[in-house]
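Enquirer: Show me how the following folds:
(4 chains)
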There are 2 protein chains.
Amino acid sequence: MTGKPIPTLALVDDHTLFRKGMINLISMVNANYNILFEADNGEDLQKKISKDNQPDILLMDINMPHMDGFATVEWLREHYPLVNVLVVSMIQKEEAIVKMLKLGVKGYVCKDIEPRELGEALHSIANKGFYYTDFITGKLVHSLQLGESANGASSMLPVMNDREKDFLKLACTEFTYNEIAAKMFVSPKTVDGYRNSLFEKLNVKSRVGLALYAVKHGFVQL
Amino acid sequence: MTGKPIPTLALVDDHTLFRKGMINLISMVNANYNILFEADNGEDLQKKISKDNQPDILLMDINMPHMDGFATVEWLREHYPLVNVLVVSMIQKEEAIVKMLKLGVKGYVCKDIEPRELGEALHSIANKGFYYTDFITGKLVHSLQLGESANGASSMLPVMNDREKDFLKLACTEFTYNEIAAKMFVSPKTVDGYRNSLFEKLNVKSRVGLALYAVKHGFVQL
DNA sequence: CTGCCATACAGGATTTTTCCGGTATTTGCC
DNA sequence: GGCAAATACCGGAAAAATCCTGTATGGCAG
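Expert: Predicted structure coming up:
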């Protein structure tokens, strides 16, 4: 673990030829990357990845036999959350893109990507932690807009009463629950109730979850 | 506590005439607000505000004798963090605006505000929780840009090593520290060290503080 | 009037978080 | 080689957060 050495990569794709092609592309990029390993699919990846063999960036296809890209990202998120996934797929369907984004992938590019853009994507992920093109952002925004208006059910905010909203704001501070109770002029046991009620309503299970929810939904400004 | 009744207001300004003028303006707005009380300055406010006498929105000047707007907002933030402050001041200096914004005020308008805009501001704060005009946003962005480049010292990010950055990302999840340790392949006591080190470097004192810092500085995406 | 539901609050137990004061290992550098 | 700084780690204890079950109150619809 010597500081910030050469970023490491791994490739997951069921087509050997395509993997070799990608490796060739990567070698054309004027930057240094160490390729740790290649895998045929998610199952194969599970065998090859380990504590001492984690890539910084994982280039992965979606359509794969046995264990596809979605299942693989979910598994990685649980077991190797520090691995940055760059999806490399022919699939351009908004549904797939948005699904992957929700699963936390750090980039999504088309398989016919040009060397220059691949270099940019890898560099961006290695340094800023993500690479989202305007195309991807566009899909995401579009999907959000759909969710907000037409759909209706999906983005409906849970019903919170005023006191719960007040509590939510104060939960996004470094006050302890006892201090929050004092500022809300209620018993600590009552804020205990607000918290548990919000855990359920907002589908989170910790104060960090509450804070993140509040920020995401604009209850507090950063 | 009957649902969402008429929003309550309070005014803090040392000029009686101006307060009366504002009240008149507010009455012209086609919306209902209850005015709880008026105060001459921060000190006077401290006497008049109480658990059972907190306004939803507090309209406040900056230049006031005895206790000015800045001190007052700081005090409110500590003792009545749920009160939304709308600054109403002649002061248009970027420095003052940015300072107030940093103190968490929910809006900043000029004293020569028109009835229509005042109505919009109050409505926006009562519902969305804030009212920032483009003018204010502009000042803020400008100040941020200054901070980023010229100033240098002010916005310099603390030096975090790679493992600390990794930890910071995982701290923004609902994993416990034990789970985080497992995912980072280190001992729980080590993440204990990362945490304490970041508390100091980032000037926070709880996990919520860490998460909020991380979001604000783009270490995690929402 | 009465039972239901939402809200405010308690006691008590358990887990997590936070804090403190140390130790071993590694790494760069004089 | 040896020293300072950074990193990984430990035991123990105090504080905070989380969870569960249960009570009192008040509004309100049947």
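Enquirer: CA atoms for contacts and neighbours, from now on please.
Expert: Will do.
Enquirer: what about A:Gly193, neighbour count?
Expert: Neighbourhood size, A:Gly193 [other Cα atoms under 10 Å in any protein chain shown]: 13.
Enquirer: Name the helix or strand for it, please.
Expert: helix A:188-202 (DSSP states H and E).
Enquirer: List the contacts of that helix.
Expert: A:158-160, A:163-164, A:167, A:177-178, A:180-182, A:204-206, A:210, A:213 (Cα atoms under 8 Å, 6 or more residues apart in numbering or on different chains).
Enquirer: how about A:Ala171, what does it touch?
Expert: A:177, A:180, A:207, A:210-211.
Enquirer: Likewise for A:Tyr131?
Expert: So A:Tyr131 contacts A:106-108, A:121-122, A:124-125 (Cα under 8 Å, 6+ apart).
Enquirer: so what's it closest to, chain neighbours aside?
Expert: Among residues not flanking A:Tyr131 along the chain, A:Gly107 sits closest, at 4.8 Å (Cα to Cα, 6 or more residues apart in numbering or on different chains).
Enquirer: thinking again about what came up before, save the contacts of A:Tyr131 as CSV, and put in neighbour count, pLDDT and secondary structure too.
Expert: Converted to CSV, these look like this (neighbours: other Cα atoms under 10 Å in any protein chain shown; pLDDT from 0 to 100; DSSP: H, G, I helix; E, B strand; the rest coil):
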residue, neighbour count, pLDDT, secondary structure
A:Lys106, 23, 87, coil
A:Gly107, 24, 89, strand
A:Tyr108, 26, 91, strand
A:Ala121, 22, 92, helix
A:Leu122, 25, 92, helix
A:Ser124, 16, 86, helix
A:Ile125, 19, 88, helix
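Enquirer: on that earlier part again, and the next helix or strand past the helix holding A:Gly193?
Expert: helix A:207-216.
Enquirer: what residues go with each domain of chain A?
Expert: A:8-147, A:162-216 (automatic domain parsing).
Enquirer: mind checking how far the longest one is from the chain centre?
Expert: The reference is to domain A:8-147. Computed by Cα atoms, centre = their mean, to the nearest Å, the chain-centroid distance of domain A:8-147 equals 12 Å.
Enquirer: Could you do the last one as well?
Expert: Per Cα atoms, centre = their mean, the displacement of domain A:162-216 from the mean C-alpha position of its chain is 25 Å.
Enquirer: anything in stretch A:52-65 near DNA strand D?
Expert: No - figure legend: stretch A:52-65 not in contact with DNA strand D (Cα under 7 Å from any atom of the strand); closest approach 12.8 Å.
Enquirer: ok, now stretch A:176-188?
Expert: Yes - Stretch A:176-188 is in contact with DNA strand D by Cα under 7 Å from any atom of the strand, via A:176-178.
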